[in-house]
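In: Sequence first, predicted model second:
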2 protein chains.
Amino acid sequence: MSKVVSAGVILIGDELLSGRTQDTNLGTIAKWLEPLGVRVMEARIIADNADTISATVKDFSARFDYVFTTGGIGPTHDDITADCIAAAFGMGISEREDALAQLRERYDESELNAARRRMARIPDGASLIKNPVSQAPGFQTHNVFTLAGVPQIMRGMLTDISYRIKGGVTLKSITVTVEGIGEGDAAAPLAHIEKEHPGVSIGSYPFFNDELRGVNFVARAEDEAVLEAVKAALEDLAAKLGG
Amino acid sequence: MSKVVSAGVILIGDELLSGRTQDTNLGTIAKWLEPLGVRVMEARIIADNADTISATVKDFSARFDYVFTTGGIGPTHDDITADCIAAAFGMGISEREDALAQLRERYDESELNAARRRMARIPDGASLIKNPVSQAPGFQTHNVFTLAGVPQIMRGMLTDISYRIKGGVTLKSITVTVEGIGEGDAAAPLAHIEKEHPGVSIGSYPFFNDELRGVNFVARAEDEAVLEAVKAALEDLAAKLGG
């Protein structure tokens, strides 16, 4: 079995935990990593609390090949992620000229107040991640990429990351949809198909509303030929159940 | 300061980590808990892996007053949450008559195959949580509520939980929106306002697109009078900055 290259995602912000803001960054990062051959193994949504952020970064950095954090790198008092990353790695942190230069592309000197200059505070030795949307950079420390929380800005920063990632084998996936059945109708044959095809994992995802119920079967595998065989088996099953 | 009653949320499913499915259950649970006086302190999104599920449940059950899990209680081979909860608490697990009775409200005997009967496997001593949408029940073990992953079903199950929760003090919140400014314009006075009003936490949430930028200030506090004073201060600030 090929090595799986793993990622962990840390979503930082009280507003995500209160339900005020609906995260979409996890899905964006996961889908962006898939063709690079990197799989998200775990995600955590944590509060704007310095100890929690530092401890989670340290833990994830040790457990996963790559780590992505989103949120908490803006100019206000609740933006503490950069300091927490520095603390997690025992690094110093200070205002950096290269980061200030990027801020100057957006702000003239009168706008570059103390709050905005906070966005140029970067852990020692970190490399900057360009922000084509609003200039204030993200940064990479070891295997941890620290990105903005605003989805448009986060997506922009991803464009300056792919060349830093050494991915593994990519997983291919296929989906077969059957309307008008419940999961329970398919469970036994589904487990059988998975067992018969080593290296394939099959998930079963019901959709459900007052009008219609049905199931999506999603199969994932590294080997395209095996996946084709599974697809045929699932389509047979679908015809039997849905027909 | 009053005791904060805490909750942790565990979202289970490979499909959430791959980005195939966008979770909405965290926000639903958080907003539903807010008027009960319970705050979500952390959420984890984890894979369909038995050891990870058991370990996370055990950890969260010890750290938070209440724990909610979503996902993995359907009839298929990848639905392993009930067994993992039993393992986490060292409980036995078996098919239970009371759970079967709820399934019989939906399925006649011919539909109640081995796969669907799996949904009546409940950890020993757990109390059932009614499912008004599709009948297969959730369950409560100690301080852990195990719910379905499908959002409509999950929401239905919440209706059978509130009387089991002993909440704490509720947090009130207010929002003041300022268009046409960036966060950096407000950072210093915002920190000042927070410092001047103990017991209030103020978050600053930029919104951003090609047409418009602006910031939402969100203040939270237990004490309504203090919150009113903060609102007035934020509105003053907004008038100064936005005007």
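Out: Arrived safely.

In: domains in chain A, as residue ranges please.
Out: Listed domain ranges for chain A are A:5-164, A:172-242 (source: automatic domain parsing).

In: need these in a markdown table with distance to chain B, mean pLDDT and mean neighbour count, can you?
Out: The C-beta positions use only the backbone N, C-alpha and C, and glycine is treated the same way. Shown next, in a markdown table, are these (distance: least, Cβ to the nearest Cβ, whole Å; pLDDT from 0 to 100; neighbours: other Cβ atoms under 10 Å in any protein chain shown):
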| stretch | distance to chain B | mean pLDDT | mean neighbour count |
| --- | --- | --- | --- |
| domain A:5-164 | 3 | 96 | 20 |
| domain A:172-242 | 3 | 91 | 17 |
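
In: Which among those domains is found nearest to B:A43?
Out: Closest approach to B:A43 among these is made by domain A:5-164 (4.1 Å; Cβ to Cβ).

In: follow-up on the earlier one: could the domains of chain A be laid out in TSV, adding distance to B:Y205?
Out: Shown next, in TSV, are these (distance: least, Cβ to Cβ, whole Å):
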stretch	distance to B:Y205
domain A:5-164	6
domain A:172-242	32
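
In: Sticking with the spatially most central residue of chain A, tell me its helix or strand.
Out: When Cα atoms, centre = their mean is applied to chain A, the residue found nearest the centroid is A:I29 (3.4 Å). When secondary structure is defined by DSSP states H and E, A:I29 falls within helix A:25-33.

In: ok, whatever helix or strand comes next after that helix: who's next to it in the sheet?
Out: Sequence-wise, the next helix or strand downstream of helix A:25-33 (DSSP H and E) is strand A:38-46. The strands that strand A:38-46 pairs with in its sheet are strand A:5-12 (parallel), strand B:38-46 (antiparallel) (by DSSP bridges).

In: Now tabulate those strands in CSV and tack on distance to B:F145.
Out: CSV is the format used below for these (distance: least, Cβ to Cβ, whole Å):
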stretch, distance to B:F145
strand A:5-12, 22
strand B:38-46, 11
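
In: Figure out which of those is closest to B:V176.
Out: strand B:38-46 (21.9 Å).

In: What lies in contact with the closest one?
Out: Contacts to strand B:38-46, defined as Cβ atoms under 8 Å, 6 or more residues apart in numbering or on different chains, come from residues A:16-19, A:26, A:42-47, A:52, B:4-13, B:16-17, B:23, B:26, B:29-30, B:33, B:52-53, B:56, B:60, B:64-66, B:165, B:167-168, B:171.

In: Tell me the helix or strand right after that strand.
Out: Using DSSP H and E, the helix or strand that follows strand B:38-46 towards the C-terminus is helix B:50-63.

In: Direction-wise, compare that following helix with strand B:5-12 and give the angle.
Out: 170 degrees (axes from the mean of the first three to the mean of the last three Cα atoms, to 10 degrees).

In: tell me what helix B:50-63 is packed against?
Out: Packing contacts for helix B:50-63, counted by 3 or more Cβ pairs under 8 Å, 6 or more residues apart in numbering or on different chains; DSSP states H and E, involve strand B:5-12, strand B:38-46, strand B:66-70, helix B:81-88, strand B:144-147.

In: give me that answer again for 6 Å
Out: Packing partners of helix B:50-63 (3 or more Cβ pairs under 6 Å, 6 or more residues apart in numbering or on different chains; DSSP states H and E): strand B:38-46, helix B:81-88.

In: Just want the angle from it to helix B:81-88.
Out: Using the same axes, to 10 degrees: helix B:50-63 against helix B:81-88 is 60 degrees.

In: Helix B:50-63: how far from the chain's middle?
Out: Mean C-alpha position of helix B:50-63 versus that of the full chain (Cα atoms, centre = their mean, to the nearest Å) differs by 16 Å.

In: Now do it: everything it contacts.
Out: Outside helix B:50-63, the residues that touch it by Cβ atoms under 6 Å, 6 or more residues apart in numbering or on different chains are B:G8, B:I10, B:R44, B:I46, B:V67, B:I80, B:C84, B:I85, B:A87, B:A88, B:N143, B:V144.

In: The last one and chain A, how far apart?
Out: Right, B:V144. Here B:V144 is placed at a distance of 18 Å from chain A (Cβ to the nearest Cβ, to the nearest Å).

In: A:A47 and A:G13 touch, don't they?
Out: No - counting by Cβ atoms under 6 Å, A:A47 stays clear of A:G13, with 7.6 Å between them.

In: Tell me the helices and strands packed up against the longest helix belonging to chain A.
Out: Secondary structure of chain A per DSSP state H: the longest helix is helix A:224-242. Counting contacts by 3+ Cβ pairs under 6 Å, 6+ apart, helix A:224-242 is packed against strand A:172-179, helix A:183-196, strand A:213-221.

In: Let's have these in a markdown table, adding distance to B:Y107.
Out: Shown next, in a markdown table, are the helices and strands packed on helix A:224-242 (distance: least, Cβ to Cβ, whole Å):
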| stretch | distance to B:Y107 |
| --- | --- |
| strand A:172-179 | 18 |
| helix A:183-196 | 8 |
| strand A:213-221 | 13 |
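
In: These: which one's closest to B:A238?
Out: Each of the helices and strands packed on helix A:224-242 has some distance to B:A238 by Cβ to Cβ; the shortest is strand A:213-221, at 46.3 Å.

In: State the paired neighbours of the closest one in the sheet, together with their directions.
Out: If you go by DSSP bridges, strand A:213-221 pairs up with strand A:172-179 (antiparallel), strand A:201-208 (antiparallel).

In: I'd like to know how far A:D79 sits from A:W32.
Out: A:D79 sits 24 Å away from A:W32, taking Cβ to Cβ, to the nearest Å as the criterion.

In: got it, and A:S18?
Out: Separation of A:S18 from A:W32 (Cβ to Cβ) stands at 27 Å.

In: now A:M91
Out: Going from A:M91 to A:W32 by Cβ to Cβ gives 27 Å.

In: these two touch, right, A:A148 and A:L158?
Out: No - the criterion here is Cβ under 6 Å, and A:A148 misses it with A:L158 at 10.6 Å.
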